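[1] show me how the following folds:
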Amino acid sequence: MPRRTLSAYNYMIAGYVREGRSEESLDLVRKLSFSSEKPDGFTLSMALKLSAGLASFRFPRQVHTQIVRLGIDSDEVVFAALIDSYVKNGNLGYARSVYDAMSERNLVCSTALIVGYMNQRAFGKAEEIFQNITEKDAVVFNAMIEGYSKELEAAISSIEVYKMMQRLNYQPTISTFVSVIGACSLLSALDVGQQIHGQMIKMEIFSHVKCGSALLDMYSKCGEVEDARKMFDHMPERNVFTWTSIIDGYGKNGIPNEALNLFYEMKSENVGPNYATFLSVLSACGHAGFVSSGQKIFESMERDYKLKPRMEHYACMVDLLGRHGNLSDAYNFIQQIPEKPNSDVWTALLGASRLHGDLEMADAAANEVFKLSQNGRPGAYIALSNTFAAAEKWQGVREVRDLMKARGVSKGIGQSWMEMDKGL
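    Numbering: from 1, shown residues only. This is a model prediction of the structure:
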């Protein structure tokens, strides 16, 4: 083209965005900024959409500068994209400044800011924004319900917001149900989960793969593995998350043989396991004492599925080896880990050493935990102290207790939820 117009630039930028070709889109945005044409609201909203996935602190500010320079101060789409970009790049302060400066705050901007606050566990600020919205919709309710559902101490609020949504006659969506069922899983709130299951049946969406997987996971975590299996067997569609949930459910509920059988069945149906699947099946092998099977499954991660084991998988293997008396093998396994082992790995060895009363190995593992996390793992101090106590090594017990006191380490206070007639 002899002269590229703004429309031509926007057409090409939008096309690249649709195809996921971020670099080409950004390159065109840069070329446009140096041309005789000026970007408009559409161009800048596209640029901001791209920047949301760049994890760049600078780019949203550069686009923000362009918005101010061009005097684009009444385009709701642009400002919604700007707030969303700031939120996704971790600049919540800038996002809030833009939000507060808006003369009229639309629902999209409010929802984006709520999501940002929820991701940083700033529940009070998210609630403030939510309460000030006069005209709500299902999307903003979902943002609140999902945000609360990720944290145990906030999960009860997820259920309460869901109840509010029902009272105000907003139609729940698949996302709503997945999040609130997730909250029930965290709280082991079986009765509430069953009531929500009933609502899903009435709406005829319980068979959706996301809803089914969430329900299956909830029943498993509440100890109702038979109900979970019924859900699994009657699901018209299953994905890797469905398979992982049922495998994890059997493993956590003391039926490791079935967990292992389902893992092999999953492979036979050509469903590729993910990191969570391997963690679940390795944990099941550990509880059952399937050392040989666990080692073969671990070795298959990278060999067959190109999944490089993460530190939690190494910790699981240490637990598998150590739990069944192979403490030397577990220690040698740790020495072969290609990265520096974290405190989870050494804590697994400490737990196994305590189980088998190996004071020397327990002391070595505990010292590694203390080096990596002096104040963050009180359980490691307690485990070492209990190991000494079981062997009637009272001097060792006193030394660990003195070390805890010197470092200001406390056991912490346990908490639990109780389900009662009037709620949790």
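[2] Ala315 is in contact with Gly351, isn't it?
    No - if you go by C-beta atoms under 8 Å, Ala315 and Gly351 don't touch, sitting 10.1 Å apart. The way it works is simple: take the backbone N, C-alpha and C, and place the C-beta from them, glycine included.
[3] so the two - more neighbours on which side?
    Ala315 (23 against 19; other C-beta atoms under 10 Å).
[4] contact partners for that one?
    Ala315 makes contacts with Asn342, Asp344, Val345, Thr347, Ala348, as judged by C-beta atoms under 8 Å, 6 or more residues apart in numbering.
[5] minimum pLDDT in the residues you listed, which residue is that?
    Among the contacts of Ala315, Thr347 has the lowest pLDDT, at 83.
[6] since we're on that residue, how many residues are nearby?
    Count around Thr347 with other C-beta under 10 Å applied: 23.
[7] same question, Glu269
    What Glu269 shows, counting by other C-beta under 10 Å, is a neighbour count of 9.
[8] what does Leu190 give?
    Leu190: 18 surrounding residues under other C-beta under 10 Å.
[9] export the contacts of Ala315 to TSV and tack on distance to Glu258 and secondary structure?
    Formatted as TSV, the contacts of Ala315 follow (distance: C-beta to C-beta, whole Å; DSSP: H, G, I helix; E, B strand; the rest coil):
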residue	distance to Glu258	secondary structure
Asn342	31	coil
Asp344	27	helix
Val345	28	helix
Thr347	28	helix
Ala348	24	helix
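[10] from those residues, pick the one nearest Val139.
    Asp344 (37.1 Å; C-beta to C-beta).
[11] touching, the closest one and Arg310? I think so.
    No - the pair Asp344 / Arg310 is not scored as a contact, 10.2 Å apart, by C-beta under 8 Å.
[12] more neighbours, those two?
    Neighbours per residue (other C-beta under 10 Å) separate Asp344 from Arg310, with Asp344 holding more: 18 against 14.
[13] residues in contact with the more buried one?
    By C-beta under 8 Å, 6+ apart, the neighbours of Asp344 are Met311, Glu312, Ala315.
[14] as JSON lines, the contacts of Ala315 with distance to Val369 would be great.
    What follows is the contacts of Ala315, written out as JSON lines (distance: C-beta to C-beta, whole Å):
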{"residue": "Asn342", "distance to Val369": "10"}
{"residue": "Asp344", "distance to Val369": "9"}
{"residue": "Val345", "distance to Val369": "9"}
{"residue": "Thr347", "distance to Val369": "6"}
{"residue": "Ala348", "distance to Val369": "10"}
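[15] could you point out which of those residues is nearest to Ser293?
    Ala348 (18.3 Å).
[16] what about Leu92, neighbour count?
    Leu92, neighbours per other C-beta under 10 Å, totals 19.
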